[in-house]
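K.L.:
Sequence and predicted model, in that order:
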Amino acid sequence: MDGYTYPGGKHRRKHGPLGYRSVGEFRDWLRDEFAFRCVYCLEREQWANCLGHFHIEHFEPVAMNPDRELEYDNLLYSCQACNLLKGSQAVPDPLTVFTAVAVVVQKTGRILGKTADARRLIEILQLNSPGFRKRRRLMIEILATAAKANPALCRELLAFPEDLPDLARLKPPGGNTRPSGIKKTYFVLRRAGRLPETY
């Protein structure tokens, strides 16, 4: 496993908190929703681990539709770089476009888009810029080296964060439109002994 495999199909939301008054209150829901990584470039919390590196991103920009500012289904979990590069642009939906069928990450760090929308999103976010390519190539090589020389380190790099949020303890003011998602949280899976060691 190289850490850069996009989801097998379109992402279907498992949570639906309502009624929060600020975007930041959605953070724990979004962290769990998107497996603690950027929906665009797949950068993981485990690899960054610094305050402010991950942002809550509005898929449909607030400037275009202010009514969706606090709508959960309009929010994404993104690294700082991807959030800044996307900005207020209208882009293809990464939850539909960035799948394992449409996007492949090469060992060189280059991302290949197999559809027009995937190629457009890669271009808008500059995911094949020298900096992004180098970062991915280095992480792929580090993970491959660790898998051979230090499997415990490799597992740590590909593991879930220690601080998994317990979403059952959160009480959104407007409720949760998808309460069954609580049973699928990574916190619940870990407590039940069913959380994979790596992902």
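P.N.:
Everything's here; your move.

K.L.:
which secondary structure elements does the helix or strand of the chain with the lowest mean pLDDT contact?
P.N.:
The weakest-scoring helix or strand in the chain, judged by mean pLDDT, DSSP states H and E, is helix 45-48 (a mean of 92). Counting contacts by 3 or more Cβ pairs under 8 Å, 6 or more residues apart in numbering; DSSP states H and E, helix 45-48 is packed against helix 151-157. (Glycine included, C-beta is placed from N, CA and C.)

K.L.:
which helix of this protein spans the most residues?
P.N.:
helix 130-149 (DSSP state H).

K.L.:
What are the buried residues along that helix?
P.N.:
Of the residues in helix 130-149, those buried by neighbour count under the rule 16 or more other Cβ atoms under 10 Å are Phe132, Arg133, Arg135, Arg136, Arg137, Met139, Ile140, Ile142, Leu143, Ala146, Ala147.

K.L.:
check contacts around the first one.
P.N.:
When you say that, I think you mean Phe132. Phe132 sits next to Cys41, Ala81, Gly109, Gln126 when contact means Cβ atoms under 8 Å, 6 or more residues apart in numbering.

K.L.:
can we see that at 7 Å?
P.N.:
Taking Cβ atoms under 7 Å, 6 or more residues apart in numbering, we find Phe132 in contact with Cys41, Gln126.

K.L.:
now the second one
P.N.:
Contacts of Arg133 were listed using Cβ under 7 Å, 6+ apart, and they are Thr108, Gly109, Arg110.

K.L.:
where's the second one relative to Ile140, distance?
P.N.:
Using Cβ to Cβ, to the nearest Å, Gly109 is found at 7 Å from Ile140.

K.L.:
quick one, helices of the chain?
P.N.:
Under the criterion DSSP H, the chain contains helices at 27-33, 45-48, 80-86, 94-97, 116-124, 130-149, 151-157, 186-191.

K.L.:
Tabulate the CA atom coordinates of the last one in CSV.
P.N.:
The C-alpha atoms that make up helix 186-191 are tabulated as CSV, following Å, rounded to 0.1, in the frame of the first residue of the first chain:
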residue,chain,number,x,y,z
TYR,A,186,-13.7,5.0,13.1
PHE,A,187,-14.0,5.6,16.8
VAL,A,188,-16.7,3.0,17.1
LEU,A,189,-14.8,0.6,14.9
ARG,A,190,-11.7,0.9,17.0
ARG,A,191,-13.6,0.4,20.3
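
K.L.:
buried set for that helix?
P.N.:
Under the neighbour-count criterion of 16+ other Cβ under 10 Å, helix 186-191 has Tyr186, Phe187, Val188 buried.

K.L.:
Identify, from those, the entry nearest to Lys114.
P.N.:
Tyr186 (29.4 Å; Cβ to Cβ).

K.L.:
With adjacent residues omitted, what lies nearest to the closest one?
P.N.:
Residue nearest to Tyr186 in three dimensions, not counting chain neighbours: Leu164, with 4.9 Å by Cβ to Cβ, 6 or more residues apart in numbering.
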